[in-house]
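**Q** Sequence and predicted model, in that order:
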Amino acid sequence: MNQTPQLLVEDLHVRFRTPQRMVHAVRGVSFSVGREKVGIVGESGSGKSQTGRAILKLTPPNGTVSAKRLQFQELDIAGASEREMLKVRGSRISMIMQDPKYALDPVMRVGAQIAEAIPESPRTSAAEKRDKVMAMLEAVHIRNPARVHDLYPHEVSGGMGQRIMIAMMLMADPDLLIADEPTSALDVTVRMQVLAILDDLVTRRGLGLIFISHDLNLVATFCDRVLIMYAGRIVEECAAADLQNAKHPYTRGLLASLPRIGSRHQKLAVLNRDPAWLND
Amino acid sequence: MTDIPSENAMISVRDLRVSFGSGAELVHAVDGVSFNVQPGETYGLVGESGCGKSTILRALCGLNPNWSGDVTIGGEAMTPVRTRSFYRRVQMVFQDPYGSLHPRHTVNTTLTEPLKIHGIGDADERITRVLVQVGLGPAFRYRYPHQLSGGQRQRLAIARALILEPQVLLLDEPTSALDVSVQAEILNLLVDLRERLGLTCILVSHDLAVVAHMCDRLGVMNAGKMLEELPVSALEDDSPSHPYTRQLLAASLGYDRRLASTAVEDIEG
Amino acid sequence: MSDNSSTLRGWLRAEVTTSPRHAALQRFYFGWLRLKGNPLALFGLSVLLFLIVVAILAPVIAPVGFNDQSLTRRLLPPSAEHWFGTDELGRDVFSRIVWGSRITLYISCLVAIIAAPVGLAVGTTAGYFGGWTDTVLMRVNDIFLSFPGLILALAFVAALGPGIENAVIAIALTAWPPIARLARAETLTVRSSDYIAAVRIQGASPARIILKHIVPMCIPSVVVRITLNMAGIILTAAGLGFLGLGAQPPLPEWGAMLSTGRQSMLQAWWLAAIPGLAILTTSLAFNLFGDGLRDVLDPRSE
């Protein structure tokens, strides 16, 4: 596992202006991602999704992003123009989101959509493009790629839709993937399959992965490193295997409050939010 | 299929069938399910989306009249159309706290409504009592749902279900839409209430850990059929027999890289 | 003095509401704050309030009665003495406009008061029950909808006879179908929500569910819709008046004034332009206010 960081984030802030007040969604977040699987865990309002979007400069228009350093490989994202970002998004950094139903174009066949993700090149013929798409569908373990190629998004199941999203995401051969709750909308058994594919692809191609989720257990078992976010800040950063030894009271409180098989006769420990955590 | 005698059961379901659509689009959402629930017991229904577990709840509580089979609750055989007194005995807590409360009604109105429908007096006393029971103080009484947090809304939903003093509480994924840190509070509240009030509950969830925490026995469903019924202790001992249950159990423990390589080969095209 | 207002504001913004009235007033206050942030809506509202004040104070504001004729002072242009000039019978146009505001408000409010409840009742019933009820009610609705508003109103007035009250009934009959459509659409959305399911399993009767639970969800869009349709209602009334089928002379209904002003339009532009401007301003005010109202009342924003 190559640990030289590809992505360097230092003191990232994301603020939103709403009619009522200013919302400080991300408050000084710093971390790095190499060719490894990094999980960002947090509850609603923790700022984890906005962190992911800020990296790709996909923050909604009423938000402002500022950072001391936001660097991907040799490119300075913080100072990059929209034109430069267009060359980055999809081809060097890709994003996959929660519900494939909303991310796929409903009136376009699956194969055509994946083909759209192929980087433009005048020398690729239509037949070559189709071959690439087929190869990618097989890479995500879709057993009957020819049939799936001509389906519409509403005709595929959730798990298959997410695999199609992964195929689209990998088409341009990116170096970093950002996955925002990619399996939350999937059934538990399908989830494991999709994660297996993601794991396989990330390892084989040596990609970096940022896995954003609210499911602490899932992230701890899937990723290499875990970042816990609370109220816009990173409160804990550790190796996934080390999570049981977490130090921050929020993490410990969260772990203690999860129901488990075997917790039947115990009262669950309720997380006590200490206002001091907001000022760390 | 079930080892509990049905004569003493609080809830007895025999060969329940619910279908939607017709002709080519006929879907057997619930396909011949049978189970019993003892008084005071909490029975879990586990399965993935589309397995029919929520459909069973909706048929039991009277929301869906298109079912067939034999259902007995509290010794009384159920007909598709329920009597008003039925609703005082069986109540339900819904999954989404953001959708199960009327946005234009205050907490007070939401709690007064069932009392008015059944002509129950002393509303003031009952409302105060039930608000204390669920851990919401009098300060909340005239708030609107959008002024409450997710956990507070779910507490209100539980209060609304309990204000008619039912004997049976049906819980449809009560914590799935809540933040993880709030889930514990609500689960503790539910455990506490069912002990204090002697409630019989059916808990529907896709989360095996939640079911294992709250229930004594559970039924595993898939595609409208009940695959296996087992006591929660079987989960704790890791001894369920049906392969699908084993799959659910494994998945509930998180991602496992060793199982992953085999899983990848098993995927349907 | 400043103490009083800060405690009032404090009370309105309180975290803990102490009674149903307190809660309702708080919601009204926050809605008002939202409306204040929309300058165009505020402009519309102030024009409407101005109109209402003018209508109420008509006897005080208008220098003369609306039918005070003076054949020696016919067709005088606007001047210091007659702000809007005089018409072909020597009547002060300004006074007629002021008195006419009462008629305009009377017609538009009555139509709204009749059309909205009828539309709500039909729409929510059709949406909630579905099946045959829905089919029958919606086909009746379609029949009304398929006629252009003015034509339908004309037909009714022709049958019932000219006059303000009949005009109101006729216009109301054309105004309720879009409201029913809207209410039905809202009902279909609301009907499948969990909070309706919750009250159903409490044993509520359909009537209770519709009145207490579904109608409150429809009211915001119906109010907005009616406000936006006001412009059309005023114009239909003006149209009927124009055709001599609404308010009868000598009543100073703006549409009728526009009609008679048409004949003298070339020598006396003010006879057509002033009533036309009054109709335009009122319709515009309703539109702007209705737009702002939508932002305030939209339950989804809560």
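**A** All right, it came through fine.

**Q** Can you pull the residues of the stretch 51-200 of chain B lying near chain C?
**A** B:61-63, B:82, B:84, B:86-88, B:90-92, B:94-96, B:99-106, B:108-109, B:113-114, B:117-118, B:139, B:141-144, B:146, B:157, B:160, B:164 (Cβ under 8 Å from any Cβ of the partner chain). Glycine gets a C-beta too; all of them are placed from N, C-alpha and C.

**Q** what about burial for these, which qualify?
**A** Applying 16 or more other Cβ atoms under 10 Å in any protein chain shown to these, the neighbour count classes B:61-62, B:82, B:86-88, B:90-92, B:94-96, B:99-106, B:108-109, B:113-114, B:117-118, B:141-144, B:157, B:160, B:164 as buried.

**Q** SS state for B:Leu227?
**A** When classified by DSSP: H, G, I helix; E, B strand; the rest coil, B:Leu227 comes out as strand.

**Q** And it, how close does it get to B:Leu45?
**A** Taking Cβ to Cβ, to the nearest Å as the measure, B:Leu227 falls 12 Å from B:Leu45.

**Q** Comparing the two, which residue is more hemmed in?
**A** Using other Cβ atoms under 10 Å in any protein chain shown, the more surrounded residue of B:Leu227 and B:Leu45 is B:Leu45, with 27 against 19.

**Q** My understanding was that the more buried one contacts B:Val37; is that so?
**A** No. Judged on Cβ atoms under 8 Å, B:Leu45 makes no contact with B:Val37 at a distance of 10.3 Å.

**Q** Give the residues shared as contacts by those two.
**A** Counting by Cβ atoms under 8 Å, 6 or more residues apart in numbering or on different chains, the residues touching both B:Leu45 and B:Val37 are B:Ile202.

**Q** A:Lys129 sits in which helix or strand?
**A** A:Lys129 is part of helix A:126-139 when elements are defined by DSSP states H and E.

**Q** Pull the contacting residues for A:Arg252.
**A** A:Ala246.

**Q** separation between it and chain B?
**A** 12 Å (Cβ to the nearest Cβ, to the nearest Å).

**Q** Remind me what the helix holding A:Lys129 packs against, helices and strands.
**A** Taking 3 or more Cβ pairs under 8 Å, 6 or more residues apart in numbering or on different chains; DSSP states H and E as contact, the helices and strands that helix A:126-139 lies on are helix A:110-116, helix A:145-149, helix A:158-170.

**Q** Show the model's pLDDT score for C:Ser5.
**A** On pLDDT, C:Ser5 comes in at 51.

**Q** Around residue 67, how many other residues sit close by?
**A** Assuming you mean chain A. Close neighbours of A:Ala67, defined as other Cβ under 10 Å, add up to 21.

**Q** not what I meant, chain C
**A** When neighbours are defined as other Cβ under 10 Å, C:Asn67 has 14 of them.

**Q** Go ahead and confirm it touches C:Asp92.
**A** No. Using Cβ under 8 Å, C:Asn67 makes no contact with C:Asp92, being 10.2 Å away.

**Q** For A:Val110, give me its contacts.
**A** A:Leu104, A:Val148, A:His149, A:Asp150, A:Leu151, A:Tyr152, A:Pro153, A:Val156, A:Ile164.

**Q** how about A:Leu70, secondary structure?
**A** Three-state call for A:Leu70 (three-state DSSP): strand.

**Q** Look up how far B:Thr106 lies from it.
**A** According to Cβ to Cβ, A:Leu70 and B:Thr106 sit 46 Å apart.

**Q** next one: C:Asp87
**A** For C:Asp87, the distance to B:Thr106 (Cβ to Cβ) stands at 55 Å.

**Q** same thing with A:Pro275?
**A** Counting by Cβ to Cβ, the gap from A:Pro275 to B:Thr106 is 29 Å.

**Q** which non-adjacent residue is nearest residue 145?
**A** Going with chain A. A:Leu137 (3.7 Å; Cβ to Cβ, 6 or more residues apart in numbering or on different chains).

**Q** wrong one, I was asking about chain B
**A** B:Leu101 (4.2 Å).

**Q** Tell me who's in contact with the one you found.
**A** Counting by Cβ under 8 Å, 6+ apart, B:Leu101 has contacts B:Thr110, B:Pro145, B:Arg153, B:Leu156, B:Ala157, C:Tyr195.

**Q** about what we covered before: keep only those of the buried ones among the residues of the stretch 51-200 of chain B next to chain C that are in helices.
**A** B:Phe86, B:Tyr87, B:Arg88, B:Asn108, B:Thr109, B:Glu113, B:Pro114, B:Ile117, B:Ala157, B:Arg160 (DSSP state H).

**Q** Hmm, C:Thr18 and the fourth one touching each other?
**A** No. Counting by Cβ under 8 Å, B:Asn108 does not reach C:Thr18; the two are 10.8 Å apart.

**Q** what touches both of those two?
**A** Counting by Cβ under 8 Å, 6+ apart, the contacts common to B:Asn108 and C:Thr18 are B:Tyr142.

**Q** In a helix, B:Ala29, correct?
**A** No. B:Ala29 is assigned strand when assessed by three-state DSSP, not a helix.

**Q** and it, how many residues sit next to it?
**A** So B:Ala29, with other Cβ under 10 Å, has 23 neighbours.

**Q** show me the contacts for it.
**A** Applying Cβ under 8 Å, 6+ apart, the residues contacting B:Ala29 are B:Val18, B:Ser19, B:Phe20, B:Gly52, B:Thr55, B:Gly224.

**Q** neighbour-wise, which of these leads?
**A** B:Gly52 (26 neighbours).

**Q** Quick check: B:Gly219 touching B:Asn36?
**A** No. Assessed by Cβ under 8 Å, B:Gly219 is found out of contact with B:Asn36, at 10.3 Å.

**Q** More neighbours: those two, which one.
**A** Neighbours were counted for B:Gly219 and for B:Asn36 using other Cβ under 10 Å; B:Gly219 has more, 26 against 23.

**Q** For whichever strand or helix holds that one, which strands pair with it and how are they oriented?
**A** Element membership for B:Gly219, per DSSP H and E: strand B:217-222. Note on strand B:217-222: by DSSP bridges, its sheet partners are strand B:42-46 (parallel), strand B:225-231 (antiparallel).

**Q** Spatially central residue in chain B, please.
**A** B:Leu171 (2.2 Å; Cα atoms, centre = their mean).

**Q** Could you tell me the average pLDDT over the lengthiest helix in chain C, please?
**A** Longest among the helix segments of chain C by residue count, using DSSP H, is helix C:93-129. On average, the pLDDT along helix C:93-129 is 93.

**Q** So which residues on chain C come close to chain B?
**A** Counting by Cβ under 8 Å from any Cβ, the positions of chain C adjacent to chain B are C:15-20, C:22-23, C:27, C:193-195, C:197-204, C:208, C:212-213, C:216-217, C:299, C:302.

**Q** hmm, 6 Å instead?
**A** C:16-17, C:23, C:193-195, C:197-198, C:201-204, C:216, C:299, C:302 (Cβ under 6 Å from any Cβ of the partner chain).
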